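Colleague: Need a 3D model of the following:
(chains A and B)
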2 protein chains.
Amino acid sequence: MLNFDFYNPTHISFGQGHIAKLDSFVPMDAKVMVLFGGQSAQRTGTLDEVQQALGARQVLLFGGVEANPTYEKLMQAVEIAREQKIDFLLAVGGGSVIDGAKFVAAAIPYVGEPWNILLTGGRDIKAALPIGTVLTLAATGSEMNNGSVITRKSLQSKLPFHSDLVFPKFSILDPAKSFTLPERQVANGVVDAFVHVIEQYLTYPVNAPVQDRFAEGLLQTLIEQGPLALSQPDDYEVRANLMWVATLALNGLIGAGVPQDWSTHLIGHELTALYSLDHAQTLAIILPAMMQERRAAKGEKLLQYAERVWNLRDGEAEQRIDTAIEKTRAFFESLGVKTYLKDYNLGQDAVETALKQLEQHGMLKLGEHQDIDLAVSRRVLEASL
Amino acid sequence: MLNFDFYNPTHISFGQGHIAKLDSFVPMDAKVMVLFGGQSAQRTGTLDEVQQALGARQVLLFGGVEANPTYEKLMQAVEIAREQKIDFLLAVGGGSVIDGAKFVAAAIPYVGEPWNILLTGGRDIKAALPIGTVLTLAATGSEMNNGSVITRKSLQSKLPFHSDLVFPKFSILDPAKSFTLPERQVANGVVDAFVHVIEQYLTYPVNAPVQDRFAEGLLQTLIEQGPLALSQPDDYEVRANLMWVATLALNGLIGAGVPQDWSTHLIGHELTALYSLDHAQTLAIILPAMMQERRAAKGEKLLQYAERVWNLRDGEAEQRIDTAIEKTRAFFESLGVKTYLKDYNLGQDAVETALKQLEQHGMLKLGEHQDIDLAVSRRVLEASL
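Modeller: Numbers count the residues shown, from 1 in each chain, chains lettered A, B, ... in the order given. Here you go, the predicted model:
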């Protein structure tokens, strides 16, 4: 096992009807900005429920935070929050709204140009407003981690930052809030959580049997519960299991003490920034090709993945690896998430443009061995055509 | 899945040589009381290493905290700490020292008789000194939870308390510090962690597949690594895996959203308080008998345990359950931890006395169904003879 630090102070309150607990989590004298996405928070009544739970507190609504939240939109929230002397942020939605709230929380007290928060990966954040979240979509894990990914449209850049100062103080996870989600978002969430686990699991062995078993348990549960979420959209238990899996997939636990990859994410981010593909779509495109490209470097873990996650125990090792990769692709496709660039009407042009962006963003040494250079990224992208 | 709250703010710093990091974790102006157990902390040099890392800080040593730490001893620390205006507690040792530090931390600012902290289960704790820990023994999980168990010798009482105010601020886990432990303590640690997992796993199904898989992963790892810790006592990787497993076994994670039992612990505590048996010895005695007694109520999970943890897939269900229970007992015995009262020279008298103590402590409705009354406890104890 590698040495590690693990720290995660977010208080999780999990269960149907838990939005009412906002009253005990948010300070009575807080001046709250509620950030949310589109109309669904209003249409489904979640926003009303939140406002009711906040009672007499001063509340300012800020809607319209996009999927892949943008610097441009969020800076409007920063200006308003500064003017109005907001002192608590409440994100109501999925990972995009929560990621957005984290940026706003750090940008409000930030001295200088807040885009520097992204350019420095969050290292120079000195303070941030407290954040709470009401999660309506299981996917990114942002509700229980210190990370955020922000897109700056004018630069076609999508960059991450991390800071312990933006851990949510609390997150309310009510699986029933995910009943009204479109099928596409549910499917995307399953793929997103799946690839989060893979990025922390499918590297090379370091004798960390518990981390491996936890990761495998999360993957098995996603394979089992993901299709049920689509076929039985009103099953509370299924939604509850998916929500908790997605949170555990990226709260730091399974990545503690093991190597991490993240190359699929970093290449995928470029495709989202350039072509507005859903985050999960880009992961579903890149991951199978990345697994094939890295089958030698990841050989031992690919075999373990084949055996323990897909029950592939017979036949030649290379054949088992091929089958495991095929099953991964078929799993994404079975959820309705397409796995080739051509399925999104993208071709060789997109490969060239993505490579230019990778170069411009300094993404020249990706992966757990830091050896995925632009030539390797090219092979992965071309294999995704 | 059941509704739940999960909150765990302890910062874990894991790795060989991490004691030096004390300098960044303990405030520079802190007045520190270092609590430790016997001579081993001094003999092995750990205490020197701690003092060196604390540098110029004011440090007061308090040694002699017992296995099963006593109110009588700890109240001496409380008095000294109050007199000396100690404002930070550092526990160096295993679960007993850490449990002791938690009591001292809560007792120092406590108004009234501190034994009330135990009598109220910690509910009336209003404040506590900050605690850090340097873990030298993987077993109880106290380094990353809010619980503590204290013994009052004069009353032959061993009682638990919980409070979010006594979560360690940080815990330094250096697996190399466990190399010098006596074999008995290593074996006890494995049994202790194993039964912690069982108390949160072996109840009844609530459709919580991730919690089940995490628990099974911990049990499998203990079965695999436990014997290696005895046969290869200088293997760092084995000690590292055991240390992290023991922490994860009782940090609240696998118990979130599922029913919990704890009857084996509560009956075991009486045997320790009365006869000074090691905590793990009492668990090894009670658990197999408890499994047999509760085989109907726990039937579904016992079958799952048999299949997934012990790979028992063939034969009649009742036979698989019997074999799983036998394998559990054999696992404890293989580590050198005996599983019958007679192995510790205890007989029917001990059963009667333990039952009287259970009655006196109000332990009349134990287990996940709250239906283990004194008659059931008697059958369990008599089956343990």
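Colleague: rest of the way, CA atoms for contacts and neighbours
Modeller: Will do.
Colleague: separation between residue A:286 and residue A:215?
Modeller: Computed with C-alpha to C-alpha, to the nearest Å, the distance linking residue A:286 and residue A:215 is 20 Å.
Colleague: quick check: mean pLDDT across stretch A:284-292?
Modeller: Averaging pLDDT along stretch A:284-292 gives 98.
Colleague: repeat for stretch A:154-166
Modeller: Averaging pLDDT along stretch A:154-166 yields 93.
Colleague: Kindly report the same for stretch A:129-139.
Modeller: 94.
Colleague: and it, how far from the chain's centre?
Modeller: Using C-alpha atoms, centre = their mean, to the nearest Å, the mean C-alpha position of stretch A:129-139 is found 12 Å from that of the whole chain.
Colleague: what does stretch A:373-382 give?
Modeller: Its chain's C-alpha centre and that of stretch A:373-382 lie 23 Å apart, by C-alpha atoms, centre = their mean.
Colleague: buried stuff in that stretch?
Modeller: Neighbour-count burial for stretch A:373-382, with 16 or more other C-alpha atoms under 10 Å in any protein chain shown as criterion, is recorded at A:374, A:376, A:377, A:378, A:380, A:381, A:382.
Colleague: quick check, the second one in a strand?
Modeller: No. Under DSSP: H, G, I helix; E, B strand; the rest coil, residue A:376 sits outside any strand and is assigned helix.
Colleague: Tell me who's in contact with it.
Modeller: By C-alpha atoms under 8 Å, 6 or more residues apart in numbering or on different chains, residue A:376 lies in contact with residue A:293.
Colleague: What of the fourth one?
Modeller: Counting by C-alpha under 8 Å, 6+ apart, residue A:378 makes contact with A:351, A:355.
Colleague: near chain B, which residues of the stretch 201-350 of chain A?
Modeller: By C-alpha under 8 Å from any C-alpha of the partner chain, the residues of the stretch 201-350 of chain A that approach chain B are A:207-210, A:213-214, A:217-218, A:221, A:237, A:240-241, A:245.
Colleague: from those residues, which two are the most distant?
Modeller: A:207 and A:237 (33.8 Å; C-alpha to C-alpha).
Colleague: Do I have it right that residue A:69 meets residue A:102?
Modeller: No. Residue A:69 lies out of contact with residue A:102 (C-alpha atoms under 8 Å); the separation is 10.9 Å.
Colleague: neighbour count winner among the two?
Modeller: More crowded of residue A:69 and residue A:102, by other C-alpha atoms under 10 Å in any protein chain shown: residue A:102, with 32 against 26.
Colleague: packing partners for whatever helix or strand the more buried one lives in?
Modeller: Residue A:102 is part of helix A:95-107, with elements assigned from DSSP states H and E. When contacts are defined as 3 or more C-alpha pairs under 8 Å, 6 or more residues apart in numbering or on different chains; DSSP states H and E, helix A:95-107 sits against strand A:31-36, helix A:71-84, strand A:88-93, strand A:131-135, strand A:147-152.
Colleague: so that helix versus strand A:131-135, what angle?
Modeller: With axes from the mean of the first three to the mean of the last three C-alpha atoms, to 10 degrees applied, the angle from helix A:95-107 to strand A:131-135 works out at 170 degrees.
Colleague: Phi first, then psi, for residue A:13.
Modeller: With angles defined as degrees, to the nearest 10, residue A:13 sits at phi -120, psi 110.
Colleague: That one contacts residue A:144, doesn't it?
Modeller: No. Counting by C-alpha under 8 Å, residue A:13 stays clear of residue A:144, with 11.2 Å between them.
Colleague: shared neighbours of the two, which are they?
Modeller: Each of residue A:171 lies in contact with both residue A:13 and residue A:144 under the rule C-alpha under 8 Å, 6+ apart.
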